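**Student:** Pasting the sequence and the predicted coordinates here, then a few questions.
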Amino acid sequence: MNKNNPEAAPEAVKSNFIHQEIDKDLSENKNGGAVLTRFPPEPNGYLHIGHAKSICLNFSLAQKYGGGCNLRFDDTNPVKEDVEYVDSIQEDVKWLGFTWEGEPKYTSDYFDQLYSWAVKLIKNGKAYVDDQSAEVIASQKGTPTTPGTESPYRNRSVEENLDLFERMKAGEFAAGEKVLRAKIDMASPNMHMRDPLMYRIIHQAHHRTGDKWCIYPMYDYAHGQGDFIEGITHSICTLEFEVHRPLYNWFIDQIVEGERTPEVRGRQIEFARLNLNYTVMSKRKLLELVQKGIVSGWDDPRMPTVSGLRRRGYTPESIRNFADKVGVAKRDGIIDVALLESCIREDLNKRVARVNAVVDPLKMIITNYPEDKEEWVELINNPEDESMGSRQLPFSREVYIERDDFMEDAPKKFFRLTVGKELRLKGAYAITCTGFKKNEDGVIEEIYATYDPETKSGATTVTRKIKGVIHWVSAKHAVDAEVRMYDRLYNHEAPAAQKDADHLDFINPDSLTVIAAKVEPSLKDAKVLDKFQFQRVGYFCVDKDSTSDKLIFNRTVALKDSWAKKK
RNA sequence: UGUCCCAUGGUGUAAUUGGCAACACGUCUGGUUUUGGUCCAGAAGAGUUUAGGUUCGAGCCCUAAUGGGACAACCA
């Protein structure tokens, strides 16, 4: 039994091109047949559904090949990083159901090793200290179509470079005064090979190494080496790093130069990142939503973050299933959020209890039901799962029904209530609508009905077919609840991909609607994150803002509604 | 006037590695149902961007074109 993904184990994980690459490596007996992957977030933000895809990929690769997956924080830039993020990332990965190998790793753990390898490069004439400003260095880079020019400091002596680099480390220089660069090829058609920076000076405390360092390695000089140190065999990353691959290999070539052949030498493989329509996925834009107060925080239920989805009511299983269904390829496309929604519906359908909750209450008075009578009726908790049993619900003369379950002028295909029509209050009696009352504004205030005592659910002797069934909640016993109805955050399919517009131009003003609902009394003791199907309405879960005095539910996703389409 | 990557129904991914293009989501029928949900049965929808080539045979291999994307942070 693999420790990852313990329960659900879709052994038939869809095959993808990475499997084929790994199969090939294995058939050539590379790395002694080992497979070790890693998930390497920078702790500078919260994880989102795109990271979840990568997490599922890396861990499922480890599972498939009997290997492992490390969690490594790529913490090479103290100005952007924070422990708040390392904590949330660990929480999210665990919540998704995965267990990384050993302790979490940190690139900062390798700073000493990285430094000594840098010294090796200098000694081998493969790195030099450059005194030029960022602007000058940038201008010398050339463009993708024109070669760059060499820095005047490129041919400093090894001794001078060694001395300068040590003094950089000792803190003798201000930020920006000096950098360490790899000496490769300023005319390379690949911009990343034009003497890339290895180290820059940053006088800022690091969340783990404190003030020990004032020089920090760049991504390109740190990532592959981190992989090398950990023995990562397959370094899976997204497409934009494709052009970094030659550099990834070059640096490892330099550090193994003159050493004995390493047992494990990993390789970078790139896949297309996840894109979802009607949402943005970049940390920068997500941060913008948070900072501008467009959402309530990183875990706002409208956010595509793992914490947002969790709060919204998504389950780890549904997200893993989603990650499996979107597949892995090198073509970048846009996934329809409908797929994500179908995954959570599929999961919740079979596991959560049905309850009666009226989201837009309209009072109905059953005029022939005795004023002070109440009785209990029984309802099945989940028709998909008999073992979930049933529960008792109070019934009385006045009940709330859904406002849109009544129509004054109903079309022929309307299966719900209109004057003169009979239907069933689910689990209780058949009722017939006898009339309604409007206020001065023409808004229906309450409706009237009579019930047929012979039609009580379970005990009925009546055999006539009653087409419509609606949910309800006894007015006297109803519990008030705030319900937060969520819609897509953006009203444009690709909010981040518009030339002349900012993603904020496409914010859906109606992405959150707060309503006052009437829910059945059994819900009074619901705990945060408890999940339900509000019968005929959708899937809901208790929000973290909920208290015993004030119940708050989030709508995770609506039920499919083929009636809404017909209208 | 560069280098690299990509191209299969509406969307996403497959195709036993050169052998009748499949699955999921979505859409549409019909049935079941005390949820217009679920479930069940079925349907429509691509001949694989284009042009050449290799081959008995090409979605798959080769060449080119076209279209899309990545690359010029002291970010990752």
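**Tutor:** Alright, I've got the coordinates.

**Student:** near RNA strand B, which residues of the stretch 251-400 of chain A show up?
**Tutor:** The interface of the stretch 251-400 of chain A toward RNA strand B, taken as Cβ under 7 Å from any atom of the strand, is made up of A:272, A:325-336, A:338-339, A:341-342, A:345-346, A:349, A:354, A:382-384. C-beta: built from backbone N, CA, C; applies to glycine.

**Student:** Please enumerate the strands of the stretch 151-300 of chain A.
**Tutor:** All strands of the stretch 151-300 of chain A, identified by DSSP state E, counting those that start in this stretch, fall at A:179-182, A:197-201, A:215-217, A:234-238, A:267-271.

**Student:** What residues of the fourth one count as buried?
**Tutor:** When neighbours are counted by 16 or more other Cβ atoms under 10 Å, the buried residues of strand A:234-238 are found to be A:234, A:235, A:236, A:237.

**Student:** Am I right that the last one is in contact with residue A:273?
**Tutor:** So the one you mean is residue A:237. No - with contact defined as Cβ atoms under 8 Å, residue A:237 and residue A:273 do not form a contacting pair (9.4 Å).

**Student:** Chain A - how does it break down into domains?
**Tutor:** With automatic domain parsing as the criterion, the domains of chain A are listed as A:6-271, A:283-351+A:481-566, A:355-477.

**Student:** burial measure for the residue in the stretch 351-500 of chain A positioned nearest to RNA strand B, as a count.
**Tutor:** In the stretch 351-500 of chain A, the residue found nearest to RNA strand B is residue A:457; the distance is 2.7 Å by Cβ to the nearest atom of the strand. Here the neighbour count serves as a burial measure; for residue A:457 (other Cβ atoms under 10 Å) it reads 15.

**Student:** Wait, a strand at it?
**Tutor:** No - with DSSP: H, G, I helix; E, B strand; the rest coil as the criterion, residue A:457 is assigned coil and is not in a strand.

**Student:** Near the closest residue to residue A:271 other than its chain neighbours, how many other residues are there?
**Tutor:** Nearest-residue entry for residue A:271: residue A:328, 5.1 Å, with adjacent residues in sequence omitted and distances by Cβ to Cβ, 6 or more residues apart in numbering. Taking other Cβ under 10 Å as the criterion, the count of residues near residue A:328 is 24.

**Student:** residues contacting residue A:328?
**Tutor:** Listed by Cβ atoms under 8 Å, 6 or more residues apart in numbering, the contact set of residue A:328 reads A:16, A:17, A:18, A:57, A:271, A:272.

**Student:** now the residue lying closest to residue A:16 once chain neighbours are set aside: how far from residue A:316?
**Tutor:** Closest residue to residue A:16 in three dimensions, ignoring its sequence neighbours and counting by Cβ to Cβ, 6+ apart: residue A:328, at 3.9 Å. Between residue A:328 and residue A:316 the distance is 19 Å, computed by Cβ to Cβ, to the nearest Å.

**Student:** quick one on the thing from earlier: quick check on the residue nearest to residue A:271: phi, psi?
**Tutor:** Its backbone dihedrals place residue A:328 at phi -130, psi 130, with angles given as degrees, to the nearest 10.

**Student:** Could you check the pLDDT of it?
**Tutor:** Note on residue A:328: pLDDT of 96.

**Student:** Check whether stretch A:96-105 comes near RNA strand B.
**Tutor:** No - judged by Cβ under 7 Å from any atom of the strand, stretch A:96-105 and RNA strand B are separated, with a smallest distance of 12.9 Å.

**Student:** how far does that stretch sit from the chain's center?
**Tutor:** Relative to its chain's centre, stretch A:96-105 lies at 18 Å (Cα atoms, centre = their mean, to the nearest Å).

**Student:** Need the distance between the two termini of it.
**Tutor:** Across its full length, stretch A:96-105 reaches 19 Å between end residues, using Cα to Cα, to the nearest Å.

**Student:** again, but for stretch A:484-502
**Tutor:** 27 Å.

**Student:** what's the answer for stretch A:39-59, then?
**Tutor:** Distance across stretch A:39-59, first residue to last, is 8 Å (Cα to Cα).

**Student:** What values do phi and psi take at residue A:507?
**Tutor:** According to degrees, to the nearest 10, residue A:507 has phi -60, psi 130.

**Student:** do the helix-or-strand element of chain A with minimal mean pLDDT and RNA strand B meet at all?
**Tutor:** For chain A, scoring each helix and strand by mean pLDDT, DSSP states H and E identifies helix A:562-566 as the least confident one, at a mean of 87. Yes - using Cβ under 7 Å from any atom of the strand, helix A:562-566 reaches RNA strand B at A:562, A:563, A:565, A:566.

**Student:** Go through these and give me the one with the most neighbours.
**Tutor:** Going by other Cβ under 10 Å, residue A:563 tops the residues of helix A:562-566 next to RNA strand B with 12 neighbours.

**Student:** Got the confidence number for the nearest residue to that residue once chain neighbours are set aside?
**Tutor:** Using Cβ to Cβ, 6+ apart and skipping residues adjacent in sequence, the residue nearest residue A:563 is residue A:415, 7.9 Å away. For residue A:415, the model assigns a pLDDT of 93.
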